[in-house]
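S.K.: Pasting a predicted model and its sequence here:
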Amino acid sequence: MPTRPEVRYGAGAVLATPRLLAGLGARRVLLVCGARSFEASGAARMLPELARVAQVRRFSEFAPNTDAADLARGLALADEFRPDLVLGVGGGSALDLAKLLAAFAPGTDPAKLPALIRAGERVTTREPRLVLVPTTSGSGSEATHFAVVYLDDEKFSVAGDPLRPDLTILDPELSISGSRYQRATSGIDAVAQAIESLWAAGATPASRRWARQALRLLLPAIEPYVNEPADRSARAMALGSHLAGRAIDISKTTAAHALSYAITKRYGVSHGHAVALTLGQFVEAHAAAPAGRLQPGMDPAAHREAMAEILHRLGAAGGVDARRRFTGLLERLGLTPGLGEIGVRTAADRRRLAGAVNAERLGNNPVRFSGPELAALLAA
Ligand SMILES: [Zn+2]
């Protein structure tokens, strides 16, 4: 299993997919892709050629936030078709599902899946090859060793080295066709991942390097990419979101992501937008946090340095200004910036959200927050 998978990058790179898959010896390809985005993104242009080099079965019957039922349907198909390669083409959900199918196929009993997922055991092997082609910029899923899956509205993360692909095909042209809202939510997700990775308790010098490079590419490009996408901004977003994926592959995400899963499930807000709804509050709070509020083991100097970098990239003079600027950015991207607008209005709503957060993820936040402190932050 490669620890640093190969990446083919460039405009039109998707057209090389059939040749690259043939080079990997693929004969039976399970194509996991969105129902509409596969055609709309232009990725489908490679299908006639792919059908000449391998047998292809397509799986598109899954919801935006992958749950165990989607996975069980895909596994039933994989059991019958016996793919030697899983090709995931799409946004974060499609790529995560492709990763999970490749890891659990063949032979995992769908009835045992929920217990396996709840047990949180790491994936240690994978039989089929795995190739990922993101069509959004982006979740960074193509660069990480984990995948999100829901059981009864509860969010779980399956992890293990085999969830990284053998090959990623990164074609910035594919990401232009989405709606403005889709580009805004996936783009701001990448920005949030880079920021959270930079300040995460689990950050390392390597993850910080990826996160810094990601932020440098993403922040100047996101507005033109969302409002008037062109080759230049699409290239910066494709690379930036991939690098943010590499950064969180090491550091993991923090409190804004931890809160986002409950916001998505309860209020129907798409992932990146849900993350962005609280990120500004955390930027402000983290910039102001005294050393005594940091997680045990956090180096205060490293935290100050990470926050200085984030404020600098946002063009802000301090934490309050950074939050104001981030809110302005969301408005210019067409994303409503307030929790109130999406239906989180009362103190009870905020307590419920704060209470739904996964404790392990909060432990990766640089600053400690108790449940009531978190609810208070959401009211700010
Ligand atoms: Zn995310």
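M.R.: Perfect, thanks for sending it.
S.K.: what about the helices in the stretch 251-380 of the chain?
M.R.: Assigned by DSSP state H, counting those that start in this stretch, the helices in the stretch 251-380 of the chain fall at 255-267, 271-288, 300-313, 319-332, 339-342, 347-355, 359-362, 371-379.
S.K.: Nearest to Leu130 among the ones you listed would be which one?
M.R.: Of all these, helix 271-288 sits nearest to Leu130, with 21.9 Å by Cβ to Cβ. C-beta here means a position set from N, CA and C on the backbone, and glycine is covered the same way.
S.K.: what's the offset of that closest one from the middle of its chain?
M.R.: Computed by Cα atoms, centre = their mean, to the nearest Å, the chain-centroid distance of helix 271-288 equals 16 Å.
S.K.: neighbours around Ala119, how many?
M.R.: Counted with other Cβ atoms under 10 Å, the burial measure for Ala119 works out to 8 neighbours.
S.K.: My error: substitute Ser177 in the last question.
M.R.: By other Cβ under 10 Å, the residues close to Ser177 number 17.
S.K.: what about it, distance to Gly42?
M.R.: Distance from Ser177 to Gly42, counting by Cβ to Cβ, to the nearest Å: 7 Å.
S.K.: domain ranges for this protein?
M.R.: Following automatic domain parsing, one gets these domains for the chain: 6-174, 180-379.
S.K.: Please produce TSV containing the ones you listed, extended by mean pLDDT.
M.R.: Formatted as TSV, the domains of the chain follow (pLDDT from 0 to 100):
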stretch	mean pLDDT
domain 6-174	94
domain 180-379	96
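S.K.: before we move on, the earlier item: how about a markdown table for the helices of the stretch 251-380 of the chain, with distance to Leu31 and mean neighbour count added?
M.R.: Shown next, in a markdown table, are the helices of the stretch 251-380 of the chain (distance: least, Cβ to Cβ, whole Å; neighbours: other Cβ atoms under 10 Å):
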| stretch | distance to Leu31 | mean neighbour count |
| --- | --- | --- |
| helix 255-267 | 26 | 23 |
| helix 271-288 | 23 | 24 |
| helix 300-313 | 38 | 17 |
| helix 319-332 | 35 | 18 |
| helix 339-342 | 34 | 15 |
| helix 347-355 | 37 | 16 |
| helix 359-362 | 32 | 15 |
| helix 371-379 | 41 | 16 |
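S.K.: Throw those into JSON lines and include distance to Tyr150, thanks.
M.R.: Below are the helices of the stretch 251-380 of the chain laid out as JSON lines (distance: least, Cβ to Cβ, whole Å):
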{"stretch": "helix 255-267", "distance to Tyr150": "7"}
{"stretch": "helix 271-288", "distance to Tyr150": "12"}
{"stretch": "helix 300-313", "distance to Tyr150": "30"}
{"stretch": "helix 319-332", "distance to Tyr150": "26"}
{"stretch": "helix 339-342", "distance to Tyr150": "19"}
{"stretch": "helix 347-355", "distance to Tyr150": "17"}
{"stretch": "helix 359-362", "distance to Tyr150": "15"}
{"stretch": "helix 371-379", "distance to Tyr150": "22"}
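S.K.: Of all those helices, which one comes closest to Asp96?
M.R.: Taking those one by one with Cβ to Cβ, helix 271-288 is closest: 10.9 Å.
S.K.: Assign Val148 to helix, strand or coil.
M.R.: strand (DSSP: H, G, I helix; E, B strand; the rest coil).
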